[in-house]
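Visitor: give the three-dimensional model of this entry:
(chains A and B)
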Amino acid sequence: MIAAVSFENVSRHFGSVKAVDQVDLVVQPGEFFAMLGPSGSGKTTCLRLIAGFEQPTTGAISIFGERAEGVPPYRRNVNTVFQDYALFPHMNVLDNVAYGLKVKGVPRIERIRTAEDALALVRLPGYGTRKPGQLSGGQRQRVALARALVNRPKVLLLDEPLGALDLKLRENMQEELKALQKTLGITFIFVTHDQGEALSMADRVAVFNDGRIMQVGTPQDIYARPASRFVADFVGSSNVVPPDFVKRHCQRDGWGSLRPEAIRVSTETNGTGIPARVVSVSYTGAATRLGLDAEGLRLHATVPVGAIVPEQGADVVLSFGANALHVMAADA
Amino acid sequence: MSDTVALSDRSAPAVLTARNGVLGALSDLFWRKPKLLLFLMLLPPVLWLGIVYLGSLFALLLQSFFSIDEYSGMIKREFTLKTYGELLQPSNLDIIIRTVVMATLVTIASAIVAFPIAYYAARYARGKWKALFYLAIMLPLWSSYLVKVYAWKLILSKEGILNWALAKLHLTGLLEAWLALPIVGGNSLSVSSTGTFIVFVYVWLPFMILPIQASLERIPVSLIEASADLGASPGQSFWNVIFPLALPGVAAGSIFTFSLTLGDYIIPKIIGTSHLFIGQAVYAHQGTAGNIPLAAAFTVVPIVVMGLYLWMAKRMGAFDAI
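Guide: Predicted coordinates for the structure are as follows:
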């Protein structure tokens, strides 16, 4: 099968800054692919390389098997939903959505019909005559989506598409985007710094740091078996434990990752396990999060609702299953 | 625990601190009544604009409805439209048409020359190049307008550098052919309408460049990227996105170039033909001829033309993107 997008040893340098550094990447057709990483990690530059706004300093980029270096954005069948939506303020919603068809020379009647279909697809029928300035953030986001989809792109790029929306709207849009992608079967590549968003929406996730890809895998892979300390730290709230801790408790070498929910906290101080002291207690709704001081390490554990929650300053004993401690291959 | 101890060691400040002096009391007053401050700040400029500016404009308008007694040369202070009727005499109508056509051509030419410069400044110039751009645009405004106009007279004259350069390029024939044309031609560039036009465009250019540059700078880069992303070639992006969004800047600049050309009387006096422009007509009528009503009526013409111009620009959607 031909990859939807493939990067071979791609670098993009801005002067001495290596925004993207020797990245290899394969995105499969029809995949919902997330690029996750902190700001400045190179994920947005990768997206812009696919869109054609940036050109690689070195390396090869292919889109559905065709080499894309030097091809301008307007000759790529790839469309983008911009972070700030980038709706044309002087055009109404319908003209915004129909823009891609207009510049391709599609006759007016046909492009209005197609644009109206696209507006219906994002559940904004009848909004065509409004100006972007009259819409809410969520509606603008949908218009941006309809405008990008109207050209029937082979790949849809989404740059932090939900970043500006409030929590409730964001959760709704996550489900909608996911459903839309399944219906249309278009390859979606989206950039986010929100771990929860990446894990809940994507088929596969690439974790970026310092212009490089640290790990590519399914959300389950990334969450349960992080390849490195950075991934364990960045994706969710894992406890990263040093090699000597790993050596003591499971007789293996390397840094370990211990999920907070895998730690059992017992107030029976005469039981077996790691003695610890509760440093902080914070209630998060679904669970209570404990800050613990154990063997000189700062660990976090979550106590589910209904379980006994120890008080701050209490002495407790920690235990965890043998396979809860994941030993990471990479050192970084 | 040690943190709190260190904090409480210091003498605790009062919850509400006392105000100090008259200035403090005044600050408090303005804080409680912000509209009072606004009123006090706006009072002097509103008085200035209202009385000195609008008042004199109104007095001028009033004058245009008076007439002059043809025998005594005295102003008759009674309402009449006779003076406006005089405006429609062929010789006066000529002046008006000449001025409006010149202002229109100067505005169009300024916009065409200014746009690429403004585009470069807004999209590409950074750091010291940007500073250099502002310097280059503003520098001509720092030197005297008269000096520049007389400098142009030298440049455009028969013995001037332009003729010399054209001769070196063997293009003198072309210039002579142009000068032989009616209306735009003349003995030399410095006494032709073409010369007047060139100097107008030069002198008003900064007033066109700066608003266009400001409007181009406000266009987010993502809009241009979005246009390209949706399949628009650079030319299509320009006409569909950049130009419509820069139009308010062009409109603002054209208001400057158009109205400044309508009112100017120095440039056509120094460079150009002996045919008058509106500004020169006003100058002549209020001065030597002593016909203040006709001078006032002439002054009303640019106001009406500008009003029409703005109304048309608005109807054509020049201000839609503001």
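Visitor: tell me where the stretch 101-250 of chain A has strands.
Guide: Ranges of strands in the stretch 101-250 of chain A, per DSSP state E, counting those that start in this stretch, are A:155-159, A:187-192, A:204-209, A:212-217, A:239-241.
Visitor: what does the domain assignment say about chain A?
Guide: A:5-226, A:237-327 (automatic domain parsing).
Visitor: pick the most deeply packed of those domains.
Guide: domain A:5-226 (a mean of 19; mean count of other CB atoms under 10 Å in any protein chain shown). (C-beta placed from N, C-alpha, C; glycine too.)
Visitor: that one near chain B at all?
Guide: Yes - Domain A:5-226 lies within reach of chain B by CB under 8 Å from any CB of the partner chain, at A:51-53, A:72-74, A:78-80, A:82-84, A:86-90, A:99-100, A:102-104, A:147-148, A:151.
Visitor: in contact with the closest residue to chain B within the stretch 101-250 of chain A, which residues?
Guide: For the stretch 101-250 of chain A, the residue closest to chain B is residue A:103, as judged by CB to the nearest CB, at 4.1 Å. The contact partners of residue A:103, by CB atoms under 8 Å, 6 or more residues apart in numbering or on different chains, come to A:74, B:227, B:230-233, B:236, B:240.
Visitor: excluding its backbone neighbours, what's nearest it?
Guide: residue B:232 (4.1 Å; CB to CB, 6 or more residues apart in numbering or on different chains).
Visitor: how about the backbone phi and psi for the one you found?
Guide: Main-chain dihedrals, residue B:232, degrees, to the nearest 10: phi -80, psi 130.
Visitor: burial of it, as a residue count?
Guide: Taking other CB atoms under 10 Å in any protein chain shown as the criterion, the count of residues near residue B:232 is 23.
Visitor: pLDDT score for it?
Guide: Note on residue B:232: pLDDT of 94.
Visitor: and residue B:30, by the same measure?
Guide: 89.
Visitor: just to revisit the earlier point, format the contacts of residue A:103 as JSON lines; extra columns: distance to residue A:319 and secondary structure.
Guide: As requested, the contacts of residue A:103 are exported to JSON lines (distance: CB to CB, whole Å; DSSP: H, G, I helix; E, B strand; the rest coil):
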{"residue": "A:74", "distance to residue A:319": "60", "secondary structure": "helix"}
{"residue": "B:227", "distance to residue A:319": "60", "secondary structure": "helix"}
{"residue": "B:230", "distance to residue A:319": "57", "secondary structure": "coil"}
{"residue": "B:231", "distance to residue A:319": "60", "secondary structure": "coil"}
{"residue": "B:232", "distance to residue A:319": "62", "secondary structure": "coil"}
{"residue": "B:233", "distance to residue A:319": "66", "secondary structure": "coil"}
{"residue": "B:236", "distance to residue A:319": "66", "secondary structure": "helix"}
{"residue": "B:240", "distance to residue A:319": "65", "secondary structure": "helix"}
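Visitor: neighbour-wise, which one of those leads?
Guide: residue B:230 (30 neighbours).
Visitor: what residues of the top helix by length along chain B count as buried?
Guide: Longest helix of chain B, by residue count under DSSP state H: helix B:90-123. Of the residues in helix B:90-123, B:92, B:95-96, B:98-100, B:102-104, B:106-107, B:109-111, B:114-115, B:117-119, B:121-122 count as buried by neighbour count, 16 or more other CB atoms under 10 Å in any protein chain shown.
Visitor: which residues touch the residue lying closest to residue A:106 once chain neighbours are set aside?
Guide: Distance criterion CB to CB, 6+ apart; nearest residue to residue A:106, sequence neighbours excluded, is residue A:114 at 7.4 Å. Contacts for residue A:114 (CB under 8 Å, 6+ apart) come out as A:98, A:101, A:106, A:150.
Visitor: touching, the last one and residue A:102? I think so.
Guide: No - here residue A:150 lies out of contact with residue A:102, judged by CB atoms under 8 Å, at a distance of 10.2 Å.
Visitor: and the residue of the stretch 51-200 of chain B closest to chain A?
Guide: residue B:126 (13.5 Å).
Visitor: find me the pLDDT at that residue, would you?
Guide: Here, the pLDDT recorded for residue B:126 equals 87.
Visitor: that one: what secondary structure?
Guide: Three-state call for residue B:126 (DSSP: H, G, I helix; E, B strand; the rest coil): coil.
Visitor: related to what we said a few turns ago, residue contacts, the residue nearest to residue A:103?
Guide: Here residue B:232 is in contact with A:74, A:99, A:103, B:240-241 (CB under 8 Å, 6+ apart).
Visitor: let's go with 10 Å and repeat that
Guide: Neighbouring residues of residue B:232 by CB atoms under 10 Å, 6 or more residues apart in numbering or on different chains: A:73-74, A:99-100, A:102-104, B:224, B:226, B:238-241.
Visitor: nearest to residue B:213, out of the domains of chain A?
Guide: Distance to residue B:213, taken as CB to CB, is lowest for domain A:5-226 among the domains of chain A, at 18.8 Å.
Visitor: pLDDT score for residue A:289?
Guide: 90.
Visitor: contacting residues around it?
Guide: Going by CB under 10 Å, 6+ apart, residue A:289 touches A:237, A:260, A:280-283, A:300-303.
Visitor: 8 Å - rerun?
Guide: Going by CB under 8 Å, 6+ apart, the list of residues near residue A:289 reads A:260, A:281-283, A:300-303.
Visitor: A strand includes it, no?
Guide: Yes - counting by three-state DSSP, residue A:289 is found in a strand.
Visitor: give the bridge partners for it, please.
Guide: residue A:282, residue A:302 (DSSP bridges).
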